[in-house]
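Student: Got a predicted model here, sequence first, then my questions.
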Amino acid sequence: MNKTKSLFLWVSIIAACLLIFSPVASTQSDNPKSTLGALPDPCLFPDPPSYCTPTEIPRDQRKGLVLGPASVVSRDAIMGDQDLRGPINRTTNLEIVNATGTGYVRLWVDMGVLQPSRSTTNAIRTTPLTKPLIESLDGQIIRARQHGLKIILTVNHNYPTWVVWYRGSTRPSGTCDDESNKIREICRRVPEDLDERSPWGKFVSFLVREYGFTKGKTDLSQPDYNRYVDFLEIVNEPNLTHRTRTKRTSGGRLVIALNVADMFETAQKIVRERNADLRDAGKLDAGATTIRLTGPATADTLRDGRLTNYQDFTEELLLALKRRNFAAGAGFVWSQHVYKDMEEQRNCAPGDEGCARTPHCHDYDTEQRALKALSKINSVAWVEKRLDDGVGGYRWSDGDGNPAIFLTEGGVRLDQVVNIYWCYLGLPQPVEPNSPGYAAFAQAVRAKMPEIKAWQAGLVESSFNKMSQGRLSKGVLLFTNYLAYTDPSYDTGMFDFTGPCGPSDNQGDWYDRASEKICTGENGTERPLFRKWKTLRTP
């Protein structure tokens, strides 16, 4: 054995010992497939362990998997169900991605968590409260790159209390977590200042700097080797999750659309300035970009009231961008969410003659009509037409004259399978929790759970095929499913929740979060959707 190999062997042994006895590393190890923190990754040594070599499988670059934000917002969730490297002692999310030939993975970052009190972005990597969370994100990004995955990093819809205030109002205090460990409503309010000098703009600059591409990040000897993503999604479901001071201005303009237009303009400016700096320093080739942008990740809801109709929001945003003379170009891709499209099987494009809506059970239709939330029009087809035809003369273009769309979230919730298709499943009509007939209804749902999960897989397959080929697929570059291991409060996953399960547990929250739960599965059991996702391929 030569001296170089001997040296690396001793370094590996010392690193392994440190990993075993270090309390920080022990909370972040990857069963034992990775290390995090300041310790060197064994996969970066010469003659790395066999598990470091990615499995060579064909990846579909129009198919993506979205994980939940838990592992980058809670230290307790690191290496858990929503961590790319977890969950421990089970089939990991990365193995699920590999087994299904998925090409993209979507991860999260949260300003409200990483800057909970007034601070600069420099503190994110050094403060004990946030250091493990940013390193958890680092570890997942590096592991994804090692396996040839493309990555979208999405800014979650929570803002620190010290940022979300308006002139003339009282500045809120404290963190975003309330006493019941839920996000405070104030943290959903959009900051008033959104330019590059604002706290929000500086946070976006931090993300572009930390996770944008440079030539050095392909150098194995550099500490930030492989720590970069392909896309930064700068906002998430603003028409559903974000709050603003007023719904409309005195002139009638939609405030949230104006906010998002500001975000688009600021993020694009930050990326362009970063590109220029990197090129001047010889760290980026001419014509290349350090990171591409996507947004606005619009929720495809039609409900009125607290939520903003996706059609109203899209048109108002396009008009706001027109007033700013905003040009998307090849560095900016439009994004959209499609839960309702998938669950309700919206299969008609604007202008379709005689297109029939997928039949639902009568009571669901009656309820949705009362909410003005029932439609046969596929939201992706509607949005694509507005981007292509133009709103007020403004067209969104990817630089080649074509609208490009990422479907960055979508899925079929088990509760919605029951609510929409109960009559086809042979179930009784759904009843409210705690009503006289609820116990019998819950028992019937549990008995039909295998069929319900099979319907979930079938609905996802139908949507995937419609939106990846044919008349509803124009402009669609990416189709995603939300979650591999399911979340009990948003049950769209390919595997059951890994915890214990019972009729009153907080798993499989299929009907009403505030009331008795119906269990939809336990202990990480594989669902038909996983087997179906393996077979789905785009043309």
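Tutor: Arrived safely, thanks for sending.
Student: Please compute how far stretch 435-450 lies from its chain's middle.
Tutor: Centroid displacement of stretch 435-450 relative to its chain, using Cα atoms, centre = their mean, to the nearest Å, is 32 Å.
Student: Next: stretch 483-498.
Tutor: Computed by Cα atoms, centre = their mean, the chain-centroid distance of stretch 483-498 equals 14 Å.
Student: Show the end-to-end separation of that stretch, please.
Tutor: Counting by Cα to Cα, to the nearest Å, the length from the leading to the trailing residue of stretch 483-498 is 13 Å.
Student: now swap in stretch 530-539 and tell me
Tutor: 20 Å.
Student: And for stretch 190-201?
Tutor: Taking Cα to Cα as the measure, stretch 190-201 stretches 13 Å from start to finish.
Student: do the same with stretch 417-434
Tutor: Separation of the first and last residues of stretch 417-434 by Cα to Cα is 21 Å.
Student: Return the set of buried residues in it.
Tutor: For stretch 417-434, the neighbour count (16 or more other Cβ atoms under 10 Å) marks 417, 418, 419, 420, 421, 422, 425, 427, 430 as buried. For glycine as for every other residue, the C-beta is placed from the backbone atoms N, C-alpha and C.
Student: now do stretch 529-537
Tutor: Buried positions in stretch 529-537, judged by neighbour count with 16+ other Cβ under 10 Å: 529, 530, 532, 533, 536.
Student: just stretch 364-381 next, same as before
Tutor: Buried residues in stretch 364-381, counting neighbours by 16+ other Cβ under 10 Å, are found at 364, 368, 373, 374, 375, 377, 378, 379, 380, 381.
Student: Closest one of those to residue 84?
Tutor: Of all the buried residues of stretch 364-381, residue 380 has the smallest distance to residue 84: 26.7 Å, by Cβ to Cβ.
Student: from the buried residues of stretch 364-381, which is closest to residue 157?
Tutor: Distance from residue 157 was checked for each of the buried residues of stretch 364-381 by Cβ to Cβ. The minimum falls on residue 379, at 19.2 Å.
Student: So that closest one sits against residue 313, correct?
Tutor: No. Taking Cβ atoms under 8 Å as the definition, residue 379 is not a contact partner of residue 313, at 11.1 Å.
Student: So residue 176 sits against residue 113, correct?
Tutor: Yes. Counting by Cβ under 8 Å, residue 176 sits close enough to residue 113 to count as a contact (7.4 Å).
Student: Which one's more surrounded, those two?
Tutor: In terms of neighbours (other Cβ atoms under 10 Å), residue 113 is the more surrounded of residue 176 and residue 113; the figures are 26 against 23.
Student: Who are the contact partners of the residue nearest to that one when sequence neighbours are not counted?
Tutor: Among residues not flanking residue 113 along the chain, residue 73 sits closest, at 4.7 Å (Cβ to Cβ, 6 or more residues apart in numbering). Contact analysis of residue 73 by Cβ atoms under 8 Å, 6 or more residues apart in numbering lists 108, 110, 113, 133, 156.
Student: Determine which two of the residues you listed are furthest apart.
Tutor: When these are compared pair by pair using Cβ to Cβ, the two farthest from each other are 133 and 156, 11.8 Å apart.
Student: From residue 185, how far off is residue 358?
Tutor: With the distance defined as Cβ to Cβ, to the nearest Å, residue 358 ends up 35 Å from residue 185.
Student: who's more crowded, these two?
Tutor: Taking residue 358 and residue 185 together and counting by other Cβ under 10 Å, residue 358 has the greater number of neighbours (14 against 10).
Student: That one contacts residue 347, doesn't it?
Tutor: Yes. Counting by Cβ under 8 Å, residue 347 is a contact partner of residue 358 at 6.1 Å.
Student: Pull up the overlap in contacts between these two.
Tutor: Between them, residue 358 and residue 347 share the contacting residues residue 376, judged by Cβ under 8 Å, 6+ apart.
Student: How far does stretch 401-415 stretch from one end to the other?
Tutor: Taking Cα to Cα, the first and last residues of stretch 401-415 lie 40 Å apart.
Student: Please tell me how far it is from the chain's geometric centre.
Tutor: 11 Å.
Student: Which residues belonging to that stretch are considered buried?
Tutor: In terms of neighbour count (16+ other Cβ under 10 Å), stretch 401-415 has its buried residues at 403-415.
Student: quick one: which of the residues you listed is nearest residue 521?
Tutor: Nearest to residue 521 out of the buried residues of stretch 401-415 is residue 414 (Cβ to Cβ; 8.8 Å).
Student: Kindly provide the distance from the closest one to residue 70.
Tutor: Taken as Cβ to Cβ, the spacing of residue 414 relative to residue 70 amounts to 19 Å.
Student: try residue 529
Tutor: Per Cβ to Cβ, residue 529 is found 20 Å from residue 70.
Student: For residue 346, which residues are in contact?
Tutor: The neighbours of residue 346, taking Cβ under 8 Å, 6+ apart as the test, are 340, 357, 358, 375, 376, 377, 378, 379.
Student: Please tell me how far the nearest residue to the fifth one once chain neighbours are set aside sits from residue 370.
Tutor: Right, residue 376. Once flanking residues are discounted, residue 376 sits nearest to residue 357: 3.4 Å by Cβ to Cβ, 6+ apart. Residue 357 sits 17 Å away from residue 370, taking Cβ to Cβ as the criterion.
Student: Mind jotting down where the strands sit in the stretch 1-150 of the chain?
Tutor: Secondary structure of the stretch 1-150 of the chain (DSSP state E, counting those that start in this stretch): strands at 60-66, 102-109, 150-155.
Student: Looking at those strands, which one is packed in the most?
Tutor: The highest average neighbour count among those, using mean count of other Cβ atoms under 10 Å, belongs to strand 102-109 at a mean of 24.
Student: what's near enough to touch residue 247?
Tutor: By Cβ under 8 Å, 6+ apart, the residues touching residue 247 are 254, 255, 256, 308.
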